[in-house]
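>>> Predicted model and sequence follow; I will ask about them next.
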Amino acid sequence: MILLFSLCTFALNAQSKKQQELEARRQSILSEIRQINNLIASKKQEEKTIISTVEDLNYKVNVRKNLIKVTNDQANLLTREINTNQKQISTLRDQLKYLKEDYAAMVVKSYKSKSEQSRVMFLLSSENFKQAYKRLQYIRQYTDYQKEQGEEITRKTEQLQQLNTTLLQQKKDKDKLLEENRVAKQKLEDDVKEHEKLVASVRKNMTAYASQVKSKQQEADRIDREIEKLIREAIAASNKKAGKSETTSKGFALTPEARALEASFEANKGKLPWPVRTGVIKVRYGKQRSSIDNTIEINSSGIRIATDKNAKARAVFNGEVLAVQGTKTGNPWVLIQHGNYITVYKNLSKVYVVKGDKVTTNQDIGEVFTDQTTGESMLWFSVYRDSKFQDPSIWIVR
């Protein structure tokens, strides 16, 4: 019984920790939904394009699906916790029954020999002093054991009551989760219907949309090539200045301070702050299919974060501004060096820093550009090292 109870307690503790992780994840998703709803609401005054609306709805649909999945996981875990609790309650009841029976037998036995005369006779009938001493010890031990049994029954009763209270709360939590999931599924159905309706209208002019996506992708690729070229030239210049070979060196010629900065940047992988104060990731890193037409492929060298109008872009870590660049047709971008790592902030309307500036974590470096047609403010954020872009989402805090 003790072994079974210990195993149940261990399993319950592990499940409770997992439950806390799932609840934190669920709250994070709910916060993400609130942010995208706020972003969509803030753009209602603008003359949004259908494509922008479809992309927003597609994002909401995916986030709601994730919410439903996490909530289902929580409900299933609660079911397992309830089952574990019920097993513990059953085990405790068996233990309590055994303790009460044992205690009742002791009380009866004690009652039959409770008189002081019986105890004295029990001692006086001893054959020698040693036996009398042992009998006295037995009387004391028996009295202590009775007391311990009474305390154990009280403790087990309180534990059983506490488990019953926990079980009732778990059942209420499960019912609440199931109701929230029902509401989430209804909202998901509404979003899917609206999404499908808009997608159908967009597909009537799919050629124009495909051309627009292709044009944007070409512009993004052109900017990425320009950034890569600029970084290569900066690496070559730093190695030339340090008297090293420009052709064999893949990274910058770093000072001890710069190497320490790079090590600190690496140590904070997954902990870096977001490059904007609020926002949601609308486009993730790498190759992916269009939310409107899955035959169209999008390749992103970083992540694209939808944020508030006039939002400030900020440095994710200490570093030095490597370059501030822009074109006649495109919005400016900022490159910040952290040893051999480069963070890239694209699609800005204003820039607050210049090349060579030392920046600190969370320092504002510019303002995110807001598209006057769609009302959308989108920061393009990338991380670069060793002649290639990396997935920024694994660097910033989840």
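That came in fine, so what should we check first?

>>> contacts, neighbours, all on C-alpha from now
OK.

>>> For the longest strand anywhere in the chain, give me every contacting residue.
The residue-count maximum for a strand in the chain (DSSP state E) belongs to strand 377-385. By Cα atoms under 8 Å, 6 or more residues apart in numbering, the residues outside strand 377-385 that reach it are 275, 301-311, 313, 340-348, 368-371, 389-392.

>>> Any of those buried? List them.
275, 301-309, 311, 313, 340-348, 368-370, 389-392 (16 or more other Cα atoms under 10 Å).

>>> In strands, which of the residues you listed appear?
Taking DSSP E, the ones among the buried ones among the contacts of strand 377-385 that sit in strands are 303-307, 313, 341-346, 348, 368, 389-390.

>>> buried ones in the longest strand of the chain?
377, 378, 379, 380, 381, 382, 383, 384.

>>> and the gap between the closest residue to the first one other than its chain neighbours and residue 346?
What that stands for is residue 377. The shortest distance from residue 377 to any non-neighbouring residue, by Cα to Cα, 6 or more residues apart in numbering, is to residue 370 (4.3 Å). Using Cα to Cα, to the nearest Å, residue 370 is found at 12 Å from residue 346.

>>> now residue 250
24 Å.

>>> Then residue 288?
20 Å.

>>> does residue 376 really touch residue 310, like I thought?
No - using Cα atoms under 8 Å, residue 376 is not in contact with residue 310; the gap is 10.3 Å.

>>> Residue 282: what secondary structure?
strand (DSSP: H, G, I helix; E, B strand; the rest coil).

>>> Identify the residues contacting it.
For residue 282, the contact set (Cα under 8 Å, 6+ apart) comprises 56, 59, 303, 304, 305, 306.

>>> Now residue 398: closest residue in space, sequence neighbours ignored.
Nearest to residue 398 is residue 270, by Cα to Cα, 6+ apart, at 7.0 Å.

>>> So that neighbour belongs to a helix, correct?
No - counting by three-state DSSP, residue 270 is not part of a helix but coil.

>>> tell me the contacts of it?
By Cα under 8 Å, 6+ apart, the neighbours of residue 270 are 393, 394, 395, 396, 397, 398.

>>> from memory the second one sits against residue 268, does it?
Okay, so that is residue 394. No - contact between residue 394 and residue 268 fails when scored by Cα under 8 Å: they sit 10.5 Å apart.

>>> Counting neighbours around each, name which of those two comes out higher.
residue 268 (15 against 12; other Cα atoms under 10 Å).

>>> Number of residues surrounding the nearest residue to the more buried one once chain neighbours are set aside?
Computed as Cα to Cα, 6+ apart, the closest residue to residue 268 that is not its neighbour in sequence is residue 395, at 7.6 Å. Residue 395: 19 surrounding residues under other Cα under 10 Å.

>>> how about residue 395, phi and psi?
Torsion angles at residue 395 (phi, psi; degrees, to the nearest 10) stand at phi -100, psi -40.

>>> Next one: it from residue 284, what distance?
Taking Cα to Cα, one finds residue 395 at 13 Å from residue 284.

>>> same check, this time on residue 79
From residue 79 to residue 284 the distance is 34 Å (Cα to Cα).

>>> same thing with residue 194?
23 Å.

>>> which residues sit in contact with residue 358?
318, 319, 320, 321.

>>> want to throw those residues into a markdown table with pLDDT, neighbour count and distance to residue 214?
Converted to a markdown table, those look like this (pLDDT from 0 to 100; neighbours: other Cα atoms under 10 Å; distance: Cα to Cα, whole Å):
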| residue | pLDDT | neighbour count | distance to residue 214 |
| --- | --- | --- | --- |
| 318 | 97 | 19 | 36 |
| 319 | 96 | 25 | 34 |
| 320 | 96 | 20 | 34 |
| 321 | 96 | 22 | 31 |
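
>>> Many thanks, I have nothing further to ask.
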